[in-house]
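Undergrad: sequence first, then the predicted structure, then my questions.
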Amino acid sequence: MNNAVNDGVWSGSWVAERLGVRLVGDDELTEMLGLALRRNPKRAHLLVSNVLGKHVPQSPSVVYGAGFALGRRVRELLGADEAARAVVLGYAETATGLGHSVADGIGLAPYLHSTRRPVAGVARAGGFEESHSHATSHLLLPEDPALLVGDGPLVLVDDEFSTGNTVLNTVRDLHARYPRRRYVVVALVDMRSAADAGRLEQFAREIGARVDLVAAASGTVRLPEGVLEKGQALVARYEAESAARARVSSAAPSGLVAQFPAPLEGDGDAAGFEADGRTTPPGARGTARPAPTGPLPEANPTHPHITRIDLHWPPGLPDGGRHGFTPAHRARLEGALPAMAAHLAEALPESARRVHILGFEELMYAPLRLARELEQVAEGVEVRYSTTTRSPVLAVDDPGYAIRTRLVFPAHDDPADGPGERYAYNVAGAGFDAVIAVVDSTADTPELHAPEGLLAQLAAHAPHVLLAVVPSYVPGPLAIPERHSMLPEPLRGPAFSSYAPEEVGWLLQDLSDVTLEAPTEEREEAIQSGGAHYAESLPVEYQPSEQYQELFQAALAESAARLAQAAGAVTEIVLAERSPRPVLVSLARAGTPVGVLMRRWAQFRHGLELPHYAVSIVRGRGIDANALRWLAAHHDPRDVVFVDGWTGKGAITRELTAAIREFEASDGITGFDPEIAVLADPGSCVRTYGTRDDYLIPSACLNSTVSGLISRTVLRADLVGPHDYHGAKFYRELAGTDVSVAFLDAVSACFPEVVDAVDATAKELLSGDREPTWEGWAAVERISEEYGIHDVNLVKPGVGETTRVLLRRVPWKILARAGAGADLDHVRLLAEQRGVPVEEVAELPYTCVGLIHPKYTRGATGADGKAVNV
């Protein structure tokens, strides 16, 4: 009963034969749709989707995959930039889960679905009518009214697109309030007539907006004259006969599915159906018979034993999109799904081989994701998914009919329109060993547990019934000061940085129009004299010579596989020890390419779409507290993993630890772990790293042109207020020499070849002693004294830090470990260009160390005062 074809019979043939209804269109139509009849004064026939997860139990992977694939098509249609600005709106009740899956496929789009459940204290942001539905009024109740504001595309998702009236009503209402330039309509099937298609185009012209349509299949339903009346009469006759049979069998135990009669004389005389002009083959007509009731469980069905499962649903995470579901919510859910599915699997009896997850009316997405996760982890168990509904449909146990059984039970969520019947289709008689009902806490009422309630009905048809309750999310007052909620969303490429928008979100303000650059010598004098902090200005961006660019390319070709292995290893350690769904937060800007590589590895190896943000941290000033506030408002701080490129002496590690401690004291927000994950840890300052070797990381060779064309971060009182993010510049004018994406692509291309090496490295690191020894800090203190510098901040250990000294500061000397090879080629070249001596040292814990001139005057640029050769 779970497929469009049962025993070689299309599940719409019964209705097609009796009413003359025909489907004309794509070949996929009869695979995706069956037909049924319903008690509805506006439309007697019902298109029953086999991939929606509403009326027909289906594999949750199929259901989720159908919506996700549509979302990917929308993303391709819009392009990455427009997709990053899109908002998705799904329709209650049948498309709430579909819309959510489409939003997942788009990637970064927030999601909202309409609802028929008013919520006290939540203002209505819009509403509309659905003309053919049995229950028409839709409410829009976003927690954040700004969710529907903006000029990005609005993506409207429904299970079927028939007349277009619902979409027109929605767009008309929303466009009057929040006008925008583009709408995208998404449906599993587009069943409009030619006239309805033209009406949509005319409406788009009237409002001056573009409207696109994306559907998995298309066609039309051809209805003969008088089909509504004939359908209504057919439903009435069958239901009258069923009622008579029910009175005869009134002694039967309660909770059994209604019995349906054999076909009435003359019902089989109508025409068949067409798909691309093909008629129903002979013998496709079925014979209606009483729906199977299935064996009764051992427990008394009027007082069934129900096993309650504690999902450990993440606190504060919305149960769905009724009030909005953001990418941050999606990331939290992804992180919690494995553990919640494990709770479900543990609760199932060992004998269960066919398990059904039954969602509840508008609560479709959470049960769907739980079912899909269970399907992936429960070996030897067939998992199916569907949801209850308020839609009344005639049930006929015939292979040619889409709704073969029906459970009837009272509403159990105190609906605003009063009590009434609710239904679960095709669950009875399906042979499930266990059914897990998933409801929200609003629906966990005495009516649910009553002798005639849903749980008792299920217990009459499945040996084991379990209940999982998801907390109903009710928007309340924000837990953080109002000013924090006003913080802007992260900046993303291509508007800010040359990275794709999904690769990283920058929690920074754009200072591109501000002149911040100062000659290196002037900056150094101001910094060392105490007249300015290094973060108050920017060095002039170094433009590499042709020789230096060739050196970079050679270094990248040489080290790409090594970098891929280190990126993979540190990502595996993070996933194993920190969080199964971490939120990567790179320290701009050296950490950002590493964060992108970690995100790409998680996607390549595990299929994870990890959120990644870049934030500013400034030595002596701490981390951007407003960025932390934004992160805490959108993610669980316990999932945040700070990422940097490499360690030197460990100054930033210490800075971050102190800054997090100060933030917890000031804001009362806890959970952020200051432990940094790095690609390389030559200073032995952290536990989470890919290697402790000190070697050339090519991204250290360049500045903005390998970091998304973003400057280092700026913190200056006249530019950054108390409620602003730290700033940075986007050097769009350097696009011609940008190698940011080329660097990432070159390393990512090596992922397949280093899988085994990554597994071996991660296993070794996870089982070994990784406690920091801080030997790098000790070496820096020793060098500072030996060379008469007496300031550890002027000693920059490691290849990466030494490169920064040569590119940004006024170097004095370079100490190189005796015998260091190609990893120092670029350092030697830069030192020659700056006129800086390179001194070989026999016992050096790093490959090299850069020394900033300890007593800078304008005449002490280098050994001979030379500047960089451009």
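TA: Looks like it arrived, so ask away. Numbers count the residues shown, from 1 in each chain.

Undergrad: show me where the stretch 401-550 of the chain dips below the pLDDT cut-off.
TA: Low-confidence segments of the stretch 401-550 of the chain (pLDDT under 70): 476-486, 518-535, 537, 542.

Undergrad: where do the helices sit along it?
TA: Secondary structure of the stretch 401-550 of the chain (DSSP state H, counting those that start in this stretch): helices at 446-449, 454-459, 482-485, 520-528, 546-577.

Undergrad: and those helices as TSV, adding distance to Glu373 and mean neighbour count?
TA: (Each C-beta comes from the backbone N, C-alpha and C, glycine too.) Shown next, in TSV, are the helices of the stretch 401-550 of the chain (distance: least, CB to CB, whole Å; neighbours: other CB atoms under 10 Å):
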stretch	distance to Glu373	mean neighbour count
helix 446-449	24	16
helix 454-459	22	26
helix 482-485	32	13
helix 520-528	53	19
helix 546-577	16	20
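
Undergrad: can I get those in a markdown table with distance to Ala831?
TA: Shown next, in a markdown table, are the helices of the stretch 401-550 of the chain (distance: least, CB to CB, whole Å):
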| stretch | distance to Ala831 |
| --- | --- |
| helix 446-449 | 75 |
| helix 454-459 | 76 |
| helix 482-485 | 46 |
| helix 520-528 | 15 |
| helix 546-577 | 12 |
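
Undergrad: those: which one's closest to His323?
TA: Closest of the helices of the stretch 401-550 of the chain to His323 is helix 482-485, at 14.9 Å (criterion: CB to CB).

Undergrad: how many neighbours does the nearest residue in space to Glu502 that is not next to it in sequence have?
TA: In space, Glu502 comes closest to Gly107 once its chain neighbours are excluded; the distance is 5.4 Å by CB to CB, 6 or more residues apart in numbering. Neighbour count for Gly107, taken as other CB atoms under 10 Å: 19.

Undergrad: next: the one 5 residues further on.
TA: Leu112 has 28 neighbours, counted by other CB under 10 Å.

Undergrad: tell me where the model's unsure across the stretch 751-870 of the chain.
TA: Low-confidence regions of the stretch 751-870 of the chain, defined here as pLDDT under 70, cover residues 808, 823, 855-870.

Undergrad: now with 80?
TA: In the predicted model of the stretch 751-870 of the chain, residues 775-777, 790-793, 800, 804, 807-809, 819-823, 826, 842-843, 845, 854-870 satisfy pLDDT under 80.

Undergrad: all helices for it, in order.
TA: Assigned helices in the stretch 751-870 of the chain, in chain order: 755-767, 775-786, 799-808, 825-834 (criterion: DSSP H, counting those that start in this stretch).

Undergrad: which ones are touching Asn626?
TA: Neighbouring residues of Asn626 by CB atoms under 8 Å, 6 or more residues apart in numbering: His484, Leu487, Leu507, His723, Asp724, Tyr725.

Undergrad: mind putting the residues you listed into JSON lines with distance to Val74?
TA: JSON lines is the format used below for those (distance: CB to CB, whole Å):
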{"residue": "His484", "distance to Val74": "32"}
{"residue": "Leu487", "distance to Val74": "28"}
{"residue": "Leu507", "distance to Val74": "27"}
{"residue": "His723", "distance to Val74": "35"}
{"residue": "Asp724", "distance to Val74": "34"}
{"residue": "Tyr725", "distance to Val74": "30"}
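
Undergrad: figure out which of the helices of the stretch 401-550 of the chain is closest to Met191.
TA: Nearest of these to Met191, taken as CB to CB: helix 454-459 at 31.3 Å.

Undergrad: which strands or helices does that closest one pack on?
TA: strand 406-410, strand 421-425, strand 434-440, helix 446-449, strand 464-470 (3 or more CB pairs under 8 Å, 6 or more residues apart in numbering; DSSP states H and E).

Undergrad: please redo it, this time with the cut-off set to 7 Å
TA: strand 406-410, strand 434-440, helix 446-449, strand 464-470 (3 or more CB pairs under 7 Å, 6 or more residues apart in numbering; DSSP states H and E).

Undergrad: closest one to Glu558 among the ones you listed?
TA: strand 464-470 (51.9 Å).

Undergrad: just to revisit the earlier point, what's the closest of the helices of the stretch 751-870 of the chain to Pro582?
TA: helix 755-767 (14.9 Å).

Undergrad: can you name the residues in contact with the lengthiest strand in the chain?
TA: What stands out as the longest strand in the chain, according to DSSP state E, is strand 210-222. Under the criterion CB atoms under 7 Å, 6 or more residues apart in numbering, residues 21-26, 28-29, 32, 66, 70, 73-74, 77, 161, 181-191, 193, 200, 204 lie in contact with strand 210-222.

Undergrad: how many neighbouring residues does the residue lying closest to Leu141 once chain neighbours are set aside have?
TA: In space, and not counting its chain neighbours, Leu141 is closest to Val122: 4.6 Å by CB to CB, 6+ apart. With neighbours defined by other CB under 10 Å, the count for Val122 comes to 18.

Undergrad: my read: Val122 touches Pro142, true?
TA: No - applying CB atoms under 7 Å, one finds Val122 not in contact with Pro142, separated by 8.2 Å.

Undergrad: what do those two both touch?
TA: With CB under 7 Å, 6+ apart, Val122 and Pro142 have common neighbours His323.

Undergrad: returning to that earlier point: please identify the most buried of the helices of the stretch 751-870 of the chain.
TA: Highest mean neighbour count among the helices of the stretch 751-870 of the chain (mean count of other CB atoms under 10 Å): helix 799-808, with a mean of 24.

Undergrad: what packs against it?
TA: Counting contacts by 3+ CB pairs under 7 Å, 6+ apart, helix 799-808 packs against strand 795-797, helix 825-834, strand 848-852.

Undergrad: mind listing residues that contact that helix?
TA: With CB under 7 Å, 6+ apart, helix 799-808 has contacts from 520, 539, 542, 645-646, 648, 694-697, 700-701, 703, 796, 811, 814, 823, 826-827, 830-831, 834, 847-850, 852.

Undergrad: surely Val747 is in a strand?
TA: No - secondary structure of Val747 (DSSP: H, G, I helix; E, B strand; the rest coil): helix, not part of a strand.

Undergrad: and it, what does it touch?
TA: Counting by CB under 7 Å, 6+ apart, Val747 makes contact with Ala560, Leu563, Ala564, Ala567, Leu597.

Undergrad: endpoint to endpoint, stretch 107-118 covers what distance?
TA: Stretch 107-118 has an end-to-end distance of 29 Å (CA to CA, to the nearest Å).

Undergrad: with that, I have no additional questions.
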